[in-house]
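> Got a predicted model here, sequence first, then my questions.
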Amino acid sequence: NESLQGKDVRFSVTVRGVFMRTLPSLDDAFASSLGREFKTIADVEKSIVEGVQHEKEAHERDRLRAKMIEEIVKSSEMDIPASMVEKTLEGLLEEAGRYMKREGAPGEDEKLRESLREKAAARVGGYLVIHAIAEKEGLEPSEEEIKEEMLKSGIDPEKSHDYSYGIVRNKKVFEFLEKQ
């Protein structure tokens, strides 16, 4: 409340209860309660280590892929349609606005708009590069591949066909580029 900002205030609190949680022992019985794939606590530890390693590898792969596309965009001559940049910019501003509102930060300003404009242009350039490579190299996904992706991701085929198409196409393009 702004009317109280910078002022000293007093308030009282009534404690209605104090609770103590007892954590389970990290033993094989606990491990087996987590699922069939865990028999011992060592199995749980191994799963955690493998999961962290998998996340690190995925993060590094995504970073390298983004850098690869960025370099291709920089070395390419293309006219990036202003309408696509504006549409992407609006999406980025919406996303930033939601984040800023959640964090209690001030709203959109022209400086933010301009900094996100560069990001929007880079995204559109990346999209156009991926699209051009997919088209030139015949990397368009089949309906079977799209359905397989939807099943794997557990998404509604009626609502997410285009999204799954994009995921599969991008994956095929990156696999193609990584083999080059």
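All right, it came through fine.
> Every contact and neighbour count from this point should use C-alpha atoms.
Fine.
> was I right about Ile41 contacting Ala31?
Yes. Under the criterion of C-alpha atoms under 8 Å, Ile41 makes contact with Ala31 at 5.2 Å.
> Those two: which is more packed in?
When neighbours are counted by other C-alpha atoms under 10 Å, Ala31 comes out ahead of the other of Ile41 and Ala31, with 20 against 16.
> from what I can see the more buried one touches Glu45, true?
No. At 9.5 Å, Ala31 does not count as touching Glu45 under the criterion of C-alpha under 8 Å.
> Need the residues touching each of those two.
Residues touching both Ala31 and Glu45 by C-alpha atoms under 8 Å, 6 or more residues apart in numbering: none at all.
> where do the helices sit along this structure?
28-33, 41-75, 82-103, 110-137, 143-153, 161-179 (DSSP state H).
> possible to save the ones you listed as TSV with mean pLDDT and distance to Arg16?
Listed next are these as TSV, based on pLDDT from 0 to 100; distance: least, C-alpha to C-alpha, whole Å:
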stretch	mean pLDDT	distance to Arg16
helix 28-33	94	32
helix 41-75	95	37
helix 82-103	87	31
helix 110-137	90	47
helix 143-153	88	45
helix 161-179	91	50
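> Leu4 is nearest to which of those helices?
Proximity to Leu4 (C-alpha to C-alpha) singles out helix 82-103 among the helices of the chain, at 20.0 Å.
> Show me what the closest one is packed against.
helix 110-137 (3 or more C-alpha pairs under 8 Å, 6 or more residues apart in numbering; DSSP states H and E).
> wait, what's in contact with Ser25?
Counting by C-alpha under 8 Å, 6+ apart, Ser25 has no contacts.
> So what does it look like in phi/psi?
phi -70, psi 140 (degrees, to the nearest 10).
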